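In: next come a sequence and a model predicted from it.
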Amino acid sequence: SQQGEEDPQALSIQEGENATMNCSYKTSINNLQWYRQNSGRGLVHLILIRSNEREKHSGRLRVTLDTSKKSSSLLITASRAADTASYFCATGGGEQGAQKLVFGQGTRLTINP
Amino acid sequence: GAGVSQSPSNKVTEKGKDVELRCDPISGHTALYWYRQSLGQGLEFLIYFQGNSAPDKSGLPSDRFSAERTGGSVSTLTIQRTQQEDSAVYLCASSLTASGGRETQYFGPGTRLLVL
């Protein structure tokens, strides 16, 4: 079964607004990563946050991690039409062991011009 | 440098036929991963390689699925006697090393498989 659950499943906002997506997971982890997927094809890595980090920034992206609540959030500020995509969180290491990433179901983000 | 490449981009096959999907990882990456994504779903882990060996095959859904990697580079995922439920996008990823999921994985564009 999937480790991560993402919320909301779909999000539609106006260009320029901020978009927040949430991810929850079940077991202990080594890190949590966010990926973007356009048109159901290859994934693009956005950001990795380690279990001993609480917040990380990259450009217009801000990721938080709360290991006590087993949750993470991805904030995209000043959204653009090009941000329209599906966003997935993925957890690595920890109790799930091995080397694989375990992905959530994703949030479909639509930015309306 | 070049990213992960996969071929073919699209594959349509008839139920019962065998298919081979190919993945070329980023040069120098020792770890290679296969995932499957069914329509509108998240990614499902299938198998990973460290070098030529596959320590974790836990995600392969049945014995019709197999994968190999030769020379520590190219990998082939083979599906025998395909079924309609095998229809999905098959994604390959590579990372510099396989270290407990700590590494960033770089994904290829995927192969979209349709079994009629």
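Out: That came in fine, so what should we check first?

In: hey, where'd the strands end up in chain A?
Out: Taking DSSP state E as the criterion, chain A carries its strands at A:5-7, A:10-14, A:19-24, A:31-37, A:43-50, A:55-58, A:61-66, A:71-76, A:85-92, A:101-103, A:107-112.

In: for the last one, buried residues please.
Out: Meaning strand A:107-112. A:107, A:108, A:109, A:111 (16 or more other Cβ atoms under 10 Å in any protein chain shown). Backbone N, C-alpha and C define where each C-beta goes, glycine included.

In: as JSON lines, those with pLDDT and distance to residue A:81 would be great.
Out: Converted to JSON lines, the buried residues of strand A:107-112 look like this (pLDDT from 0 to 100; distance: Cβ to Cβ, whole Å):
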{"residue": "A:107", "pLDDT": "93", "distance to residue A:81": "17"}
{"residue": "A:108", "pLDDT": "93", "distance to residue A:81": "15"}
{"residue": "A:109", "pLDDT": "96", "distance to residue A:81": "11"}
{"residue": "A:111", "pLDDT": "96", "distance to residue A:81": "5"}
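
In: out of the strands of chain A, which gets the lowest mean score?
Out: Out of those, strand A:5-7 stands lowest, with a mean of 81 (criterion: mean pLDDT).

In: quick one: closest of the strands of chain A to chain B.
Out: strand A:85-92 (2.5 Å; Cβ to the nearest Cβ).

In: and the closest one, does that touch chain B?
Out: Yes: using Cβ under 8 Å from any Cβ of the partner chain, strand A:85-92 reaches chain B at A:88, A:90, A:91, A:92.

In: picking that back up, adding distance to residue B:60, write the strands of chain A out as TSV.
Out: Formatted as TSV, the strands of chain A follow (distance: least, Cβ to Cβ, whole Å):
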stretch	distance to residue B:60
strand A:5-7	24
strand A:10-14	31
strand A:19-24	26
strand A:31-37	22
strand A:43-50	21
strand A:55-58	34
strand A:61-66	31
strand A:71-76	29
strand A:85-92	19
strand A:101-103	16
strand A:107-112	28
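
In: that older thread, any idea which of the buried residues of strand A:107-112 is closest to residue B:52?
Out: Distance to residue B:52 across the buried residues of strand A:107-112 (Cβ to Cβ) is lowest for residue A:107, with 36.8 Å.

In: residue A:87 versus the closest one, what's the distance?
Out: Relative to residue A:87, residue A:107 is positioned 5 Å away (Cβ to Cβ, to the nearest Å).

In: which residues are in contact with both of the two?
Out: Residues touching both residue A:107 and residue A:87 (Cβ atoms under 8 Å, 6 or more residues apart in numbering or on different chains): A:6, A:21.

In: what about residue B:85, neighbour count?
Out: Residue B:85: 10 surrounding residues under other Cβ atoms under 10 Å in any protein chain shown.

In: so it belongs to a helix, correct?
Out: Yes: counting by DSSP: H, G, I helix; E, B strand; the rest coil, residue B:85 is located in a helix.

In: how about the contacts made by it?
Out: residue B:115 are the contacts of residue B:85 under Cβ under 8 Å, 6+ apart.

In: name the residues of chain B found near chain A, please.
Out: Going by Cβ under 8 Å from any Cβ, the residues of chain B near chain A are B:4, B:31, B:33, B:35, B:37, B:41-45, B:48, B:50, B:55-56, B:58-59, B:89, B:91, B:93, B:98-110.

In: what is the closest residue to residue B:48 other than its chain neighbours paired to in the beta sheet?
Out: Counting by Cβ to Cβ, 6 or more residues apart in numbering or on different chains, residue B:33 is the residue found nearest to residue B:48 once chain neighbours are left out, at 4.5 Å. Listed beta-bridge partners, residue B:33: residue B:48, residue B:93 (assigned using DSSP bridges).
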